[in-house]
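A.B. asks: Kindly return the folded structure for what I paste below:
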Amino acid sequence: MTASRDTSPASEIELLEERPVTRDLDALDRLETFLYLIPVMGVLPSMWAIYRRQRDKRQLAVCRLSILLAFIWLTTYMSLNVGADISGSSAIGFRLLFLNGLATSTYFMTSLWLMMLLWQKKSLRLPGFSNLAERTIRQN
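C.D. replies: Sure, this is the predicted structure:
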């Protein structure tokens, strides 16, 4: 025996009526901020958020910081790779590649640390880097 569903027009209207949104906007904003802090991949949503300018000041500051950290990492990564490629000595090349791995690990660990701070609802400011990000990546 199957239960029949009420498909009368009155019940369909009830389904289409607007109901108050009960989601936690703070949690949604935090999830969005987690997206900005993902190493390497979070740069694109961060750039899009700064371009669109539809976020609050705190999220835009996190976007700027994410872009700055990724730019510093990418510049360091490329420079050390080129240096390792053109070095004549294999010992120097190995040291440069070691520093490259250290820089990459530092970038990923910094991003994860910022995510943990966000999880704990603490400030996401890095001394020196946050101020540099505010000065260099402007929202004109």
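
A.B. asks: and Phe108, how many neighbours?
C.D. replies: When neighbours are defined as other C-beta atoms under 10 Å, Phe108 has 13 of them. In this view, the C-beta of every residue, glycine as well, is placed from N, C-alpha and C.

A.B. asks: Skipping adjacent residues, who's closest to it in space?
C.D. replies: Pro39 (4.9 Å; C-beta to C-beta, 6 or more residues apart in numbering).

A.B. asks: I figured that neighbour hits Ser111, correct?
C.D. replies: Yes - look at Pro39 against Ser111 with C-beta atoms under 8 Å: they come within range, at 4.3 Å.

A.B. asks: Next one, pLDDT for the residue sitting nearest the centre point of the chain please.
C.D. replies: By C-alpha atoms, centre = their mean, the chain has its centre lying nearest to Tyr36, at 1.8 Å. On the pLDDT scale, Tyr36 is placed at 93.

A.B. asks: Over to Lys122?
C.D. replies: 89.

A.B. asks: Ramachandran coordinates for it?
C.D. replies: The phi/psi pair for Lys122 (degrees, to the nearest 10) reads phi -100, psi 170.
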